[in-house]
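> Can you look at this prediction? I've put the sequence above it.
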Amino acid sequence: MNRVSRLILLSATISLASCTTQTPPPSAPPMTPPAEAPQASEGQPFFTQAGIASFYGAAHDGNLTASGETFDQHDFTAAHRTLAFGTVVRVINTENGRSVKVSINDRGPHIRDRIIDLSYAAARALGVGKNGLLHVRLEAFHGDQAS
């Protein structure tokens, strides 16, 4: 797919995503959700990506995200450059095997070598180290998405 086609597809995806109604996240998500490994019966993910994750927390708490939601560092959310808002992504820490599901509600990260910015709660559940970075694999399955 050439660059122009990708741009048109991205614009159409963003336009459609902005027309959907977002439901607010649960008011009290668990602090450390159980690790969830992908099931073989779910088939292949429709999206995968591997790279470095970072997180954002207290300094952004209460600010509006690009999707219009209020950022809460205790929710399991994330920022991604291209995935549609509301996409549920499994984030797997490739160093310790822990995984969480996050919902994309913001744009970023704004640092070139990173692929996703996690909320503090998601990064903590994955076992983020002192440097604030994680080596992760992202997977999105049709079965994880809201209907």
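Nice, thanks for sending it over. Just so you know, these numbers come straight off a predicted model, no measurement behind them. Numbering: from 1, shown residues only.
> What count of nearby residues applies to Gly108?
Residues lying near Gly108 (other Cβ atoms under 10 Å) number 16. C-beta coordinates here come from the backbone N, C-alpha and C atoms, glycine included.
> Apologies, that question was intended for Asn96.
Number of residues near Asn96 (other Cβ under 10 Å) recorded here: 13.
> cool, and Leu64?
Neighbours of Leu64 (other Cβ under 10 Å): 11.
> Likewise for the one 3 residues further on?
Counted with other Cβ under 10 Å, residues neighbouring Ser67 total 20.
> let's have the chain start at 15 instead
Sure thing, new numbering starts at 15, so read that last one as Ser81.
> just checking, it touches Asp120?
Yes. Between Ser81 and Asp120 a contact is recorded at 6.5 Å, counting by Cβ atoms under 8 Å.
> so what secondary structure elements neighbour the longest strand along the chain?
When the chain is parsed with DSSP state E, its longest strand is strand 61-70. Secondary-structure packing of strand 61-70 (3 or more Cβ pairs under 8 Å, 6 or more residues apart in numbering; DSSP states H and E): strand 128-133, helix 134-140, strand 148-154.
> same thing but at 7 Å, please
Judged by 3 or more Cβ pairs under 7 Å, 6 or more residues apart in numbering; DSSP states H and E, strand 61-70 is in contact with strand 128-133, strand 148-154.
> and it, average pLDDT?
Mean pLDDT, strand 61-70: 97.
> and it, which strands flank it?
According to DSSP bridges, strand 61-70 forms sheet pairs with strand 128-133 (parallel), strand 148-154 (antiparallel).
> could you dump it to CSV, C-alpha only?
Once non-C-alpha atoms are left out, strand 61-70 reads as follows in CSV (Å, rounded to 0.1, in the frame of the first residue of the first chain):
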residue,chain,number,x,y,z
PHE,A,61,-2.8,-6.1,14.8
THR,A,62,0.6,-6.8,16.3
GLN,A,63,3.6,-4.5,17.1
ALA,A,64,6.7,-4.9,19.2
GLY,A,65,8.8,-2.2,20.7
ILE,A,66,9.3,0.1,23.7
ALA,A,67,6.5,1.3,25.9
SER,A,68,6.5,4.3,28.3
PHE,A,69,3.9,5.6,30.7
TYR,A,70,2.3,8.8,31.8
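> Identify the residues contacting that strand?
97, 105, 123, 127-134, 137, 142, 146-154 (Cβ atoms under 7 Å, 6 or more residues apart in numbering).
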